[in-house]
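# coords please:
(2 chains)
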Number of protein chains: 2
Amino acid sequence: MDALVRLAKDDMAAVDALIIARMQSDVPVIPLLAEHLVSAGGKRLRPLLTVAAARATGQTGDIEGPKKLAASVEFIHTATLLHDDIVDGSEMRRGKVAAHLIWGAASSVLVGDFLFARAFELMVETDSLRALGILATASSVIAEGEVLQLTRAHDLNLDLDTYLQIIRAKTAELFAAAAESGAVGAGATDEQVAALRDYGMGLGIAFQLADDALDYGGATETLGKNAGDDFNEGKATLPLLLAVQRTKGTEDLFWDRVITKGDRKPEDFERARQLIVSSGAVEATLDTATEYADRAKAALQALPAGPWRSALEALADFAVSRAT
Amino acid sequence: MDALVRLAKDDMAAVDALIIARMQSDVPVIPLLAEHLVSAGGKRLRPLLTVAAARATGQTGDIEGPKKLAASVEFIHTATLLHDDIVDGSEMRRGKVAAHLIWGAASSVLVGDFLFARAFELMVETDSLRALGILATASSVIAEGEVLQLTRAHDLNLDLDTYLQIIRAKTAELFAAAAESGAVGAGATDEQVAALRDYGMGLGIAFQLADDALDYGGATETLGKNAGDDFNEGKATLPLLLAVQRTKGTEDLFWDRVITKGDRKPEDFERARQLIVSSGAVEATLDTATEYADRAKAALQALPAGPWRSALEALADFAVSRAT
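Presented below is the predicted three-dimensional model:
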């Protein structure tokens, strides 16, 4: 990921400035709350994708449009984080206390709405109805994915197709739309636009699957700072669903208690983690992640060779390798 | 209002069909929850404004664009209702139990997001970036108004200018944008577009002020079904703010207890209502509402005379008369 960050340094500085400028409001709590999340940083991975997609098409000149789309993508992402944290009752976000615990759920709902609306105001300025349509559709697909997850979150019988449908919608769709809209904003050919959408989709799925694996320590079993979050929310992610299938007949009561009934004791996470790792479920999850990362890299062949394409290839590898 | 409803019957049937078609989703809880609100009806006043604005410019042919914008306006409105009911902890909406009490706050947040995104997808289909920009800006202004109200809701020292700023943003801006975008979608002249925006703004302010008065029985003192809601949420609306000013030195402790401290007993509403009516605060609120309704009617002079213009004039009168 470093190569990409280095390449995009100047473009992303401009995107950051746009983000700060456009989240301002005369209503004091709005920039305060928005800045709480935005200044905590995060990886800015999605707007980075928009900028990188624009550049990877061969565009070396001005990319005013893609920069505005990149800031819009970050606003949409931040809005969904604010709303998700309410939905999940999350206490932490980007290493800070979640906004709804500081300013209240009501402010978080409304500031999310504000950022979402600002995203569309920014998109209008790019004069690209096509890019706007891409991000509008992504936004409704994300909401659908979140609702689907909400209604099926604790379902141990979730089939793997439905699980993939959920992460495709709630995570990968924004990666895909971020890359696709960047290409559209840069005036790319239809072939390049389609390639960058496919890249973003594969990358997003790989990222989410690796995240799901990291929640149980990934392949290294060195627990990261967020390990156990999914388990503690009783979320049926791929590693868990695979482990449930693979321990059928022996561990059904355990899974039923901790996920379906939500009756978890502190020591349950360690037992779940051991079952998930020893059943090979983490490995299988990362294998699937690698498949999607490979698809993402293959899609890039439609783009001109060069440092941007190489950096995007490396990003797809990084998506999975950070969990191995 | 009846004249307008009659005139717009066919156009609004098409808008209703669009609303139903575009709130569908494969995720079952989404159409269920959306339909709970949409089928409860309400007045469909905002989309009606969009359609009426398009027709009032003299457009007698096809108004495909304005109809899509009208459905978008209703989606934006429904999304804000879903989120507001969470913010306010409201138990009822349009005579039904509020959605968040049936499906949970999480689903209400996410379905609101879905409808908001769908609104923008529909707008993209109209090919009018200008109309889209109008409704995007309205959406961010509405969110700002809601946050401002949230932070100042129980502030007895709220000055009247700030109060007007709040209702302008949270209510009247969508009326203005609904009418303005309808005119834009109908290909109206800039003068007509500006006139219809002014009309919507005046109408929206008049409507909200009349609503505020109705919460204390209006001029007739015949209590409507929502009477007392604002008081029970401790909201500092214009009738209350005026009554606080006019009873300064005698009722300060009462207002401080019931609004600032939020310590309300069942009998407090009747006492508040009597103070508000006897101090002339309801009358003064309705006088202000009449001023804005008159401004709205005056703006219509830029449009061709005819049944649509007359019906919009009558609507401005109705906005206030229903509370007198």
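# buried residues of stretch A:1-17, list them for me.
Residues A:3-5, A:7-8, A:11-12, A:14-16 are the ones in stretch A:1-17 that count as buried (16 or more other CB atoms under 10 Å in any protein chain shown). Heads up, the C-betas are built off the backbone N, CA and C, glycines and all.
# what residues does that stretch touch?
A:43-44, A:47-48, A:51-52, A:55, A:63, A:67, A:70-71, A:74, A:307-308, A:310-312, A:314-315, A:318 (CB atoms under 8 Å, 6 or more residues apart in numbering or on different chains).
# what do you get for stretch A:229-248?
Residues from elsewhere that reach stretch A:229-248, judged by CB under 8 Å, 6+ apart: A:88, A:149, A:152-156, A:158, A:160, A:163, A:209, A:212-213, A:215-216, A:251, A:255, A:258-259, A:262, A:264, A:268-269, A:272-273, A:275-276, A:279-282, A:284-285, A:288.
# keep only those that also lie close to chain B.
Among those, no residue is within reach of chain B (CB under 8 Å from any CB of the partner chain).
# which residues touch A:Val277?
A:216-217, A:221.
# work out for me the element it sits within.
helix A:268-278 (DSSP states H and E).
# which parts of that helix are buried?
A:268-269, A:272-273, A:275-277.
# give me every residue in the stretch 101-250 of chain A lying close to chain B.
A:105-107, A:109-114, A:116-118, A:120-121, A:123-124, A:127, A:129, A:132-133, A:136-137, A:139-140, A:142-144, A:146-148, A:150-151.
# tell me the average confidence for the helix holding A:Val277?
On average, the pLDDT along helix A:268-278 is 96.
# C-alpha coordinates for it, PDB please?
What follows is helix A:268-278, C-alpha atoms only, in PDB (Å, rounded to 0.1, in the frame of the first residue of the first chain):
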ATOM      1  CA  ASP A 268     -15.900 -18.200  24.700                       C
ATOM      2  CA  PHE A 269     -13.900 -16.200  22.200                       C
ATOM      3  CA  GLU A 270     -10.700 -18.200  22.800                       C
ATOM      4  CA  ARG A 271     -12.600 -21.500  22.300                       C
ATOM      5  CA  ALA A 272     -14.300 -20.100  19.100                       C
ATOM      6  CA  ARG A 273     -11.000 -19.000  17.800                       C
ATOM      7  CA  GLN A 274      -9.400 -22.400  18.400                       C
ATOM      8  CA  LEU A 275     -12.200 -24.100  16.600                       C
ATOM      9  CA  ILE A 276     -12.100 -21.700  13.700                       C
ATOM     10  CA  VAL A 277      -8.300 -22.000  13.300                       C
ATOM     11  CA  SER A 278      -8.100 -25.800  13.800                       C
END
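# ok, now which ones touch the closest residue to A:Trp103 other than its chain neighbours?
Using CB to CB, 6 or more residues apart in numbering or on different chains and skipping residues adjacent in sequence, the residue nearest A:Trp103 is A:Leu33, 5.2 Å away. By CB under 8 Å, 6+ apart, A:Leu33 lies in contact with A:82, A:99, A:102-103, A:107-108, A:111.
# how close does the residue of the stretch 201-324 of chain A found nearest chain B sit to A:Asp2?
Using CB to the nearest CB, the closest approach of the stretch 201-324 of chain A to chain B is made by A:Glu233 at 12.1 Å. Distance, A:Glu233 to A:Asp2, by CB to CB, to the nearest Å: 31 Å.
# equivalent analysis for A:His83, please.
For A:His83 relative to A:Asp2 (CB to CB), the value is 31 Å.
# now A:Gly61
Separation of A:Gly61 from A:Asp2 (CB to CB): 25 Å.
# ok so, going back, just the buried members of the contacts of A:Leu33?
Those of the contacts of A:Leu33 that meet the buried threshold are A:82, A:99, A:103, A:107-108, A:111, by 16+ other CB under 10 Å.
# just give the nearest non-adjacent residue to A:Thr57, would you?
A:Thr57's closest residue in space is A:Ala188 (CB to CB, 6+ apart), at 4.0 Å.
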